[in-house]
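Novice: here are the coordinates; sequence isn't available:
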DNA sequence: TATAATAAATGTATTATATACATTTATAAA
DNA sequence: TTTATAAATGTATATAATACATTTATTATA
């Protein structure tokens, strides 16, 4: 680096940069969020999103992936930047900004032992504990973002197991939007998207008749996401 | 801070944090972007977005506002975070992440002297020069975001002068989406939004007949934005 | 083995929205 | 007075959204 460049870059004091993950899952009944109870200071014993400082040799996005893998054992998970939280006094311990990133995971795929080892717990949205710092705000922003996103991408699929029924898909959307949909119209609209493959199997865990299982067609799905559909419910 | 806390925060090396503004304007014909030619190292003589390191006593968002005001003289401008660019090697000079933020301004309101003093120049999208670092990427991401945003918010109003004609509003949208719209349907849809107030004045600069000027009704507009319309064109 | 109970699956008519498309109008300049 | 030009307007058609009730497949029970 030239002297001029050194001057240029030296102009800033140290600001810490972290990333925090808002991890959404769905257990066939409701949308849930993974948070953990801190075991060390600062904020020992308090509930917090799962995050980390960004290391020097990793990108901001990679830092979030590392955190997610450390906690859940999962890789190649849907994750997207939400927003940077950069208020001067958001962290009383130091000047620290954080990049909120929300992830959608298939709960069933998680490594339960890992999750428990870290003291992480899934909470329903309506029984979230109070979180440290501005983490409540991150959660609330992520939820808005999730709803918005779900309205122009069939994002819900990221949260379901490989095989799923239409009623469970409907419960997922009802849980995201916190309202009921007409089952006939819901089914019609989902099938009209033409990204589902009906299987010969049924899931009989919730009814005597049983509900047909579906997979989604990744190719058609990716094409749909790419061209940016308008998926209003 | 306790010793334990000091340890906690000390775990990270220095990472620089900057913010770069993607500034959109509209001159009644086409969408334009404000970029400047750097006068000092690094990248002296090259085109760049306008940005700054985040100072210790300002939030990330305030840093972007400061940059925008310094360059254009404008305050209270529409600005929104786009994304964090956090790749390890995005800046060869140092480990430096940047927060891209896009702004929509009314070109006519700018302080031209200030703009020129900084060597900033408005460029049409189709004649953008090559930019330093990953700034081309920031521009391209911002444009995608602008189009997406325009599809569920009547965001275009931020770019127009207080009084404007429907044909000029149409040119704005045509410039954003890079395609033509049917003038009868466009007018119908815009008026159906019920956020415009027709004035008794005409703008005769582009035709002998003249086009009626409109204002927008900020109250109705805000209500509309809040409830999140679906404004597809 | 017949019956009851239950969630899953299906269809249609109505309304609202989106699209395609051609003519008239107001005005300034010639 | 005529000409030229962008602005303004309406309607019919197609597509998508909504509202709404009955039948079906199956297990458990009588």
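Specialist: That came through fine. All of these numbers come straight from a predicted model, not from anything done at the bench.
Novice: longest single strand anywhere in chain A?
Specialist: Across chain A, the strand with the greatest residue count (assigned by DSSP state E) is strand A:16-26.
Novice: tell me the SS of residue A:187?
Specialist: helix (DSSP: H, G, I helix; E, B strand; the rest coil).
Novice: which positions in chain A make contact with DNA strand D?
Specialist: Residues of chain A lying near DNA strand D by C-beta under 7 Å from any atom of the strand: A:182-185, A:188-189, A:202, A:204, A:208-210, A:230, A:232-233. Placement of C-beta: from N, CA and C, glycine included.
Novice: closest to residue B:93 among these?
Specialist: Using C-beta to C-beta, residue A:230 comes nearest to residue B:93 of the residues of chain A next to DNA strand D, at 42.8 Å.
Novice: and the biggest helix by length in chain A with helix B:135-150, angle?
Specialist: The longest helix of chain A (DSSP state H) is helix A:135-150. Put simply, helix A:135-150 runs at 70 degrees to helix B:135-150, going by axes from the mean of the first three to the mean of the last three C-alpha atoms, to 10 degrees.
Novice: what pairs with the helix or strand that helix A:135-150 is followed by, parallel or antiparallel?
Specialist: Reading on from helix A:135-150 to the C-terminus, the next helix or strand found by DSSP states H and E is strand A:164-165. Here strand A:164-165 is paired, per DSSP bridges, with strand A:211-216 (antiparallel).
Novice: distance between the partner strand and the chain's centre?
Specialist: On the basis of C-alpha atoms, centre = their mean, to the nearest Å, strand A:211-216 is displaced by 23 Å from the centre of the chain it belongs to.
Novice: C-terminal to the longest strand of chain A, what's the next element?
Specialist: strand A:31-37.
Novice: where does residue A:58 sit relative to residue B:34, distance-wise?
Specialist: 33 Å (C-beta to C-beta, to the nearest Å).
Novice: and those two? Which one has more around it.
Specialist: Applying other C-beta atoms under 10 Å in any protein chain shown to residue A:58 and residue B:34 shows that residue B:34 carries more neighbours, namely 24 against 17.
Novice: check contacts around that one.
Specialist: Residue B:34 sits next to B:23, B:25, B:50, B:71-72, B:115, B:120-123 when contact means C-beta atoms under 8 Å, 6 or more residues apart in numbering or on different chains.
Novice: residues contacting the nearest residue to residue A:232 once chain neighbours are set aside?
Specialist: Excluding its sequence neighbours, the residue lying closest to residue A:232 (C-beta to C-beta, 6 or more residues apart in numbering or on different chains) is residue A:151, at 5.9 Å. Residues counted as contacts of residue A:151 (C-beta under 8 Å, 6+ apart) are A:230-233.
Novice: show me how chain A divides into domains.
Specialist: Segmentation of chain A into domains, based on automatic domain parsing, reads A:7-150, A:155-226.
Novice: please compute how far the first one lies from its chain's middle.
Specialist: I take that to be domain A:7-150. Using C-alpha atoms, centre = their mean, the offset of domain A:7-150 from its chain centre is 9 Å.
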